[in-house]
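In: predicted model, plus sequence, below.
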Amino acid sequence: MIFKRKKNSSFDQKEKKGTEKLENKKEIVVKKEVVKEATKEEKMYVIPLGGLDEVGKNMSLVQYRDEIIIIDCGLGFPGEGLLGIDAVIPDFSYVENNKNKIKGLFVTHGHEDHIGAIPYLYQKIDKEVSIFSGKLTLALIESKFENFKIKDMPKLREVKNRSKVKIGKYFNVEFIRITHSIADSYAIHVTTPAGNVLFTGDFKIDFTPVDGQSSDLARFAQIGEKGVDLLLSDSTNAEAEGFTPSEKTVGEAFQIEFAKAKGRIIIAAFASHIHRLQQIIEISESYGRKIAVDGRSLVKVFEIASNMGYLKIKKDTIIPLSEVDNQKDNKVVILCTGTQGEPMASLSRIASNIHKHTRVKEGDTVIISATPIPGNEKAVSKNINNLLKYEAEVIFKKVAGIHVSGHGSKIEQELMFNLVKPKYFIPVHGEYKMLKAHIDTALKVGIPKANTLLALNGNKIEIAKSGVKLKGKVSAGATFIDGLGVGDIGQTVLRDRQQLSQDGVIIVGFTLDKLTKKILSGPEIITRGFTYSKESDELIKGVIEHINLKLEKIEREGLMDWQPIKNITKEAVAKYVYSKTKRNPVILPIILEV
């Protein structure tokens with residue numbers, strides 16, 4: 001017997017309802033999958049604005065959603081090609097365009113290449129943005145604002161080792177003590193919902209620091225155990241083999257030089273190198289020598305550091321420089337600036353014998369306690385040669401032990417990798433060859449090549465759970481400081497200065513009748529830095545004749561006006577002078593209408 005199911009039977013209805021339920025379940029599952037797929041992966045960004053493929057002007061941003069924090073804000077020193085430039089700072093255009101997102105400035109330590117541009121930054125961002133750093137660093141930053149005569153200062157918030165700062169809606173920032181060539185140096189660990197990043201700052205691993213404040217290696221290991229998504233680490237000494245010697249070894253070298261010195265001792269040192277200054281003070285006192293401090297930055301650091309207890313000095317140790325000649329030569333130390341051969345620094349003036357209060361003489365021992373920053377070698381060498389001409393004993397070679405680096409060499413970098421165990425690594429703070437050498441060290445300790453990145457200033461570095469990668473660029477370059485001018489000197493002006501320095505200038509003057517447009521007088525020729533005038537009479541005559549021929553042509557064509565005269569003059573003089581001298585001086589026509 002065959003049964004036929006009736007349409008719309010109760011069984012069909014149940015089956016239909018069951019099918020609907022099943023379909024609804026499928027729809028729910030599909031909707032859940034859609035929602036899951038639509039959820040965006042959390043991402044944060046690190047944006048270096050300085051310090052990559054260069055030495056100096058270190059600055060980085062960390063951005064998550066609508067919030068940004070800044071790590072360091074330093075300046076760079078001008079190289080040989082930057083004629084007349086006093087300093088170089090990062091391009092702040094991206095910061096200025098996003099200033100409403102900035103929550104805080106976090107500073108690793110007090111060297112110029114990490115704090116020098118801060119007053120310029122606060123001309124672009126809200127003064128309410130607080131600055132977080134160690135006690136000494138904040139004092140040095142405060143001094144910079146005072147030098148700029150800025151009264152409306154941002155809030156300075158002091159931190160110590162393992163201080164944790166919750167700022168904005170998303171950022172957690174921790175400071176971790178690290179040894180460097182200045183007190184109160186810290187690494188900075190930044191955590192957001194998207195991941196975490198560790199900035200080592202400038203560092204070395206000094207197991208016998210002068211102040212007894214060693215690196216908090218235990219905390220680095222703890223953070224490493226929890227997991228570090230991205231490490232950005234100091235590459236300055238990435239090419240140096242082995243281990244950077246302790247700062248205390250410099251004190252031992254100074255002891256040897258003090259014992260040998262029969263006359264005055266003149267020491268050039270970095271003003272911010274507090275640990276070295278303390279050793280010089282202690283050794284000077286042990287030999288009964290008075291110290292005269294010269295150089296504005298050095299005098300300021302002595303004032304700040306001694307008031308805060310970072311420099312310990314006996315009451316009668318410091319004397320004015322003007323009293324040096326009243327002391328016995330073997331009872332004097334002159335401590336001065338000028339390790340990099342800066343033309344107006346104290347040591348340069350002493351070496352050229354143009355100093356107001358003292359002159360170098362036979363029997364002096366001059367110690368230059370630094371190595372030249374790349375680009376400053378010629379200026380340093382000039383000072384050394386000048387000092388040697390006056391029969392001074394000059395101690396300047398690194399092998400003499402009177403200077404050690406504040407940056408870790410390869411073994412210290414390997415130690416940092418092993419403590420932190422980063423998933424990804426980007427080298428910072430160094431020229432390209434240094435960054436590349438640091439990558440090689442990372443590969444040596446087992447970090448996969450795919451997990452290392454060579455970034456440049458302006459790169460947006462994206463950090464997410466899925467990995468780290470370069471994701472676009474922002475505006476990042478250099479802003480030149482020239483006297484009181486900030487950013488008003490560009491590449492065109494620098495090219496003109498370069499041309500002036502190489503080939504000089506030719507000024508061509510005319511007087512033009514305002515109504516008739518006829519030349520009343522001229523062309524008159526003045527040269528500067530081009531050729532000695534008495535030897536250039538024939539050349540000048542030729543230039544005048546060549547200009548007059550060209551001007552006769554445009555006069556016949558009825559084109560006499562100041563602009564055509566200017567253009568014709570520049571073109572005519574440039575071609576004629578190059579054909580005769582193979583030089584390209586700056587041609588400057590000056591037209592006076594009467």
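Out: Cool, the structure landed.

In: wait, isn't Asn172 in contact with Ser163?
Out: No. Counting by Cβ atoms under 8 Å, Asn172 does not reach Ser163; the two are 11.5 Å apart. To be clear about C-beta, it is placed using only N, CA and C from the backbone, and glycine gets the same treatment.

In: low-confidence regions, the stretch 451-594 of the chain specifically.
Out: Low-confidence segments of the stretch 451-594 of the chain, defined by pLDDT under 70, span residues 482-503, 516-517, 531-535, 554, 556-562.

In: what's the first-to-last distance across stretch 310-326?
Out: Stretch 310-326 has its terminal residues 30 Å apart, counting by Cα to Cα, to the nearest Å.

In: what do you get for stretch 312-323?
Out: End-to-end for stretch 312-323, by Cα to Cα: 22 Å.

In: what residues sit buried inside that stretch?
Out: 313, 318-319, 321 (16 or more other Cβ atoms under 10 Å).

In: next: stretch 573-580.
Out: Of the residues in stretch 573-580, those buried (16+ other Cβ under 10 Å) are 573-574, 576-577.

In: now do stretch 168-182
Out: 168, 170-171, 173-182.

In: likewise for stretch 218-231?
Out: 219-220, 223-224, 228-231.

In: could you give the average pLDDT over that stretch?
Out: Model confidence over stretch 218-231 averages 97 on the pLDDT scale.

In: identify all contacting residues around that stretch.
Out: Outside of stretch 218-231, the residues that reach it under the criterion Cβ atoms under 8 Å, 6 or more residues apart in numbering are 46, 161-162, 176-177, 187, 189, 195-198, 200, 416-417, 419-426, 461, 463, 468.

In: mind naming the longest strand for the protein?
Out: strand 519-528 (DSSP state E).

In: how big is the angle separating the helix or strand following it from strand 519-528?
Out: If you walk from strand 519-528 toward the C-terminus, the next helix or strand you reach (DSSP states H and E) is helix 537-556. Using axes from the mean of the first three to the mean of the last three Cα atoms, to 10 degrees, the inter-axis angle of helix 537-556 relative to strand 519-528 is 140 degrees.

In: coming back round to it: out of the buried residues of stretch 312-323, name the ones that lie in strands.
Out: Judged by DSSP E, the buried residues of stretch 312-323 include 318-319 as members of strands.

In: among the buried residues of stretch 312-323, which two are most distant?
Out: Of all pairs drawn from these, the one with the longest distance (Cβ to Cβ) is Ile313 and Leu321, at 16.1 Å.

In: so of the buried residues of stretch 573-580, which ones are in helices?
Out: Helix and strand membership here follows DSSP state H; of the buried residues of stretch 573-580, those in helices are 573-574, 576-577.

In: mind putting those residues into a markdown table with distance to Tyr122?
Out: As requested, these are exported to a markdown table (distance: Cβ to Cβ, whole Å):
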| residue | distance to Tyr122 |
| --- | --- |
| Val573 | 47 |
| Ala574 | 45 |
| Tyr576 | 52 |
| Val577 | 48 |
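
In: wouldn't Gly509 be in contact with Pro523 here?
Out: Yes. Taking contacts as Cβ under 8 Å, Gly509 lies within contact range of Pro523: 6.7 Å.

In: Lys40 versus Ile461, what's the distance?
Out: With distances defined as Cβ to Cβ, to the nearest Å, the gap from Ile461 to Lys40 amounts to 18 Å.

In: and what of Tyr576?
Out: Distance, Tyr576 to Lys40, using Cβ to Cβ: 66 Å.

In: distance from the chain centre to the one helix or strand Glu96 maps to, please.
Out: Glu96 is located in helix 93-97, with elements delineated by DSSP H and E. For helix 93-97, the separation from the chain centroid amounts to 18 Å (computed by Cα atoms, centre = their mean, to the nearest Å).

In: what lines up beside the following helix or strand past that helix in the sheet?
Out: For helix 93-97, the succeeding helix or strand toward the C-terminus, using DSSP H and E, is strand 102-106. Taking DSSP bridges as the criterion, strand 102-106 sits next to strand 67-71 (parallel), strand 130-133 (parallel) in its sheet.

In: just the C-alphas of the shortest one, formatted as PDB.
Out: Output of strand 130-133 as PDB, limited to C-alpha atoms (Å, rounded to 0.1, in the frame of the first residue of the first chain):
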ATOM      1  CA  SER A 130      53.700  67.300  29.900                       C
ATOM      2  CA  ILE A 131      57.300  66.200  29.700                       C
ATOM      3  CA  PHE A 132      58.300  63.000  31.500                       C
ATOM      4  CA  SER A 133      61.900  62.200  32.400                       C
END
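
In: that older thread, can you pull the buried residues of the longest strand of the chain?
Out: Neighbour-count burial for strand 519-528, with 16+ other Cβ under 10 Å as criterion, is recorded at 519, 522-523, 525, 527.

In: Throw these into a markdown table and include distance to Glu303, thanks.
Out: Converted to a markdown table, the buried residues of strand 519-528 look like this (distance: Cβ to Cβ, whole Å):
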| residue | distance to Glu303 |
| --- | --- |
| Ile519 | 63 |
| Gly522 | 58 |
| Pro523 | 58 |
| Ile525 | 54 |
| Thr527 | 49 |
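
In: of these, closest to Val360?
Out: Nearest to Val360 among the buried residues of strand 519-528, counting by Cβ to Cβ, is Thr527 at 38.0 Å.

In: thinking that closest one is in contact with Ile507, fair?
Out: Yes. Using Cβ under 8 Å, Thr527 is in contact with Ile507, at 7.4 Å.
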